[in-house]
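Novice: Whatever this is, show me its structure:
(chains A and B)
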Amino acid sequence: MNLAISAATMAIDRSLVIRHLYKEYTVGKPILRDVSLEIGGRGITAIIGPSGAGKSTLIRCVNGLAPATRGEIIFHGEDITKLSGKRLREMRRRIGMVHQEYSLVERLSVMENLLTGRLGYVPAWRAWLRKFPESDVAHAYTLLEAIGLEDFANRRADQLSGGQRQRVGIARALMQEPDLLLADEPTSSLDPKTAVEIIELLATLAASRDIPAIINIHNVDLAKRFASRIVGMAKGAIVFDGPPSALEDKHLGEIYGGQSWLE
Amino acid sequence: MSGAIGQHRWQRFSVQQRLARFTAYLSAVAAVVWAARSVEIIPEFLADAPAQTADLFRRMWPFDWSYYGREVHAALIETIHIATLGTLLAIAFAVPIALLAARNITPSKTLNLIATFVLVATRSINTLLWALLFVAIFGPGALAGMLAIGFHSIGFVGKLLAEALEETPRAPIDALRATGAPPASILSKGYWPAVEPSFWGIALLRWDINIRESAVLGLVGGGGIGMALDTAQNNLYWDQVGLVLAVIFAVVIVTEIITSTIRERLI
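Specialist: All right, here's what the predicted structure looks like:
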C-alpha cells in the first residue's frame, strides 16, 4: 500500500507551465505583461530583476495569493487561475512558499510554526487542540534536525535570529511535502554570509526531495551560483531566460537598466 | 549683510490668524460663563456646604459594622458575580461581532458597517439605562444587572478587539493562506496568537470597570451592593451608608491591584 502511494507520488508531474499571464492591480497598469514560462520538474530557477519588476507578483500568482488577471498557470493538470475555495486550498498545500520577512507567527513556538505547514491537511478543530497526527510531529522533528534547530522546538519564533527564522520558514514550507517550492526574496533581510547559507540549505533540501524551486532573488552572484536556470525580468516582462553561463553584462544592463553600475 | 537689524520683520501669525485666535479664546471664555450661569449656584447652600459635609461624615462614623455580616457581604459577592458573568456574556457576544467588524477578516463593507453599528449602539446606551430596561423585562435582581453589564460591555470589548485584529501583521496570515489552511485554522493559528495579549488585557480591563459599574446597579434594581446602599440611604442610616461606600472603595482598589498585576505579566 505504502509502496503504491510513493510510486504514485513519484509519477506526479512537478512541472509548471505559465502561459500569457497578465496581472493588473489597477486597470490599465499591468504589473505582469504577457509572461510565459515553463519550469521543468526539477532544479532551481532563479528570477532576477529590479524592485517593481513583478517578481513577487509572479510568484504570488502561482499560488493564488495574488489572483491573475488573465492567462493560465497549469500545475498538476489544473489551471490555478480558475481555482477558488476548497480546490484552491488543495492546490496551495502542494506548493510550499518561503517568504521575504520569514512571515512566521511570532508568538508561536518553532514546532507550532512548522506544524502550520500541515494546516491544509489537518482539520481545523484538531489544529486548534494541537492534536496533530504523530507522523506530522515526527516529520517536523526530522526537518528540525535537517535545519540544525533540533534544540529549538519549544523556543518562540520571536526569540530567533533572522537566519534561524528563515530556516524555520523553509522547514514550514517542506512540512507541506510540496511538489513545488516558491521563495520570494528569502535572503533580502539577511547578512551576506547567512544569505549564502540559507540559499544553500534551500537548494540542498529541495534537491534531496527532488522538488523544483523558483527563487526570486536580488543577488545576481547567488543566483548564478545555485540556480540551474536564470530568468531576468524587467517592467513586468521576461527579458532573459537561460543558464547562468549565458548571463552576460549586456543582459544585466537590459534587466536592471543602464551600464555604469556594472563597471 | 543680510542680517541687518530692522531689515526683517518676523511674526508667527498673520493679522487674520491673530484675529481668528482671539475670537476662539473669547468664545471659550463666553462658553464657560454661559455654562456657569446655567448651573444656578444657590449662595446660601454653597456657604452651608462645609458644615453639611462635616455633619454627614459625623453621622457615618463609627460605621455600623454589624451591617456587613447581615447584608453587605452577600451583596458584595453578588456584585462580583454580576461583573464577572456580565463580562463573560459581553465577550461571548463581542468576539463574533468583532470578527465581522474587522475589515481584514470580513471583506464585506455592509457587514463591517452593521457590526460597527451594533458595537456603537450597545456602548452608547449607559449601563443604568440597560439595567432599567432589563429590570422592566426580568424584574429586579442580579439577572437584570448581569444582562445590563453584559450588553453595555459588548461595544467596548468588540471595538478594541476589532482594532487589535485589524492591526495583525499581514505577512504571517498570507503565509498560512499559502499553506492551504482553511479560514478557521487561519483564525486559530494566525490571528489568535497575534491578538491574545490584547484580548486578555481588554477582558481584564472590562472586568475591572464592570466591578465598579455593578456597584451602582442596585440603585435602579439591578442587584448587588448598590441595593444595600440604596436601602441604607432610604432609611437615613448614615453609619451603614458609610460602611458600604468604604467597602466599594476597598473592592475597587483590590481589583485594580489584581488586574494591573496580571496585565503586567501578560505583556
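
Novice: can you count the residues close to the residue in the stretch 1-150 of chain B that chain A sits nearest to?
Specialist: Nearest to chain A, among the residues of the stretch 1-150 of chain B, is B:Pro107, at 13.2 Å (C-beta to the nearest C-beta). Just so you know, the C-beta spots here come from the backbone N, C-alpha and C atoms, and that holds for glycine as well. Number of residues near B:Pro107 (other C-beta atoms under 10 Å in any protein chain shown) recorded here: 8.

Novice: Specify the helix with the largest residue count in chain A.
Specialist: Counting residues, the longest helix in chain A under DSSP state H turns out to be helix A:192-208.

Novice: Please see if it touches chain B.
Specialist: No. Using C-beta under 8 Å from any C-beta of the partner chain, helix A:192-208 stays clear of chain B, coming no nearer than 15.8 Å.

Novice: Measure how far that helix is from the centre of its chain, please.
Specialist: Offset of helix A:192-208 from its chain centre (C-alpha atoms, centre = their mean, to the nearest Å): 13 Å.

Novice: Okay, buried residues for it please.
Specialist: A:194-199, A:201-203, A:205-206 (16 or more other C-beta atoms under 10 Å in any protein chain shown).

Novice: And for the following helix or strand past it, what's in contact with it?
Specialist: Elements were assigned by DSSP states H and E; along the chain past helix A:192-208, the next helix or strand is strand A:213-216. With contact meaning C-beta atoms under 8 Å, 6 or more residues apart in numbering or on different chains, strand A:213-216 is reached by A:16, A:39, A:43-47, A:55-56, A:58-59, A:62, A:180-186, A:199, A:202-203, A:206, A:223, A:226-227.

Novice: what do you get for stretch B:201-210?
Specialist: Identification of contacts with stretch B:201-210 by C-beta under 8 Å, 6+ apart yields B:82-84, B:86-87, B:90-91, B:149, B:153, B:156-157, B:160-161, B:164, B:255-256, B:259, B:262-263, B:266-267.

Novice: Nearest to B:Asp48, out of the buried residues of helix A:192-208: which one, please.
Specialist: Closest to B:Asp48 out of these is A:Thr194 (78.6 Å), distances taken as C-beta to C-beta.

Novice: Quick one: residues contacting the nearest residue to that closest one once chain neighbours are set aside.
Specialist: Excluding the flanking residues, the one nearest A:Thr194 by C-beta to C-beta, 6 or more residues apart in numbering or on different chains is A:Gly163, at 4.0 Å. Each residue near A:Gly163 by C-beta under 8 Å, 6+ apart is listed here: A:190, A:194, A:197-198.

Novice: Let's see that with 10 Å instead.
Specialist: Listed by C-beta atoms under 10 Å, 6 or more residues apart in numbering or on different chains, the contact set of A:Gly163 reads A:102, A:187, A:189-191, A:193-195, A:197-198, A:201.

Novice: swap in B:Ala131?
Specialist: In this structure, B:Ala131 makes contact with B:140, B:144-149, B:151-152, B:213-214, B:216-223, B:226, judged by C-beta under 10 Å, 6+ apart.

Novice: what about chain A, any weak spots by pLDDT?
Specialist: Counting by pLDDT under 70, the ranges of chain A that qualify are A:1-11, A:263.

Novice: Show me where it has its helices.
Specialist: So, for chain A - with DSSP H - the helices run A:2-11, A:55-62, A:85-92, A:110-115, A:124-128, A:134-146, A:162-175, A:192-208, A:220-226, A:249-256.

Novice: Chain B against chain A: which residues are in contact?
Specialist: B:169-197 (C-beta under 10 Å from any C-beta of the partner chain).

Novice: State the number of residues packed around residue 226.
Specialist: If you meant another chain, say so; for now it's chain A. By other C-beta under 10 Å, the residues close to A:Phe226 number 19.

Novice: meant chain B, my bad for not saying
Specialist: Using other C-beta under 10 Å, B:Gly226 has 26 other residues around it.

Novice: Next, the contact list for residue 57, please.
Specialist: Using chain A here. So, once contact is read as C-beta under 10 Å, 6+ apart, A:Thr57 ends up touching A:21, A:23-25, A:30-32, A:35, A:65-66, A:68, A:184, A:233, A:236.

Novice: To clarify, I was referring to chain B.
Specialist: B:Phe57 makes contacts with B:238, B:242, as judged by C-beta under 10 Å, 6+ apart.

Novice: helix, strand or coil for it?
Specialist: helix (DSSP: H, G, I helix; E, B strand; the rest coil).

Novice: Can you list the buried residues in stretch B:80-93?
Specialist: Residues B:80-87, B:89-91, B:93 are the ones in stretch B:80-93 that count as buried (16+ other C-beta under 10 Å).

Novice: just stretch B:197-217 next, same as before
Specialist: Quick answer for stretch B:197-217 (16+ other C-beta under 10 Å): B:198-199, B:201-211, B:213-217.

Novice: For the helix or strand of chain B with the lowest mean pLDDT, what is the distance to the chain centroid?
Specialist: Lowest mean confidence among the helices and strands of chain B (mean pLDDT, DSSP states H and E): helix B:66-67, at a mean of 79. Centre-to-centre, helix B:66-67 and its host chain are 31 Å apart (C-alpha atoms, centre = their mean).

Novice: Nothing else from me, thank you.
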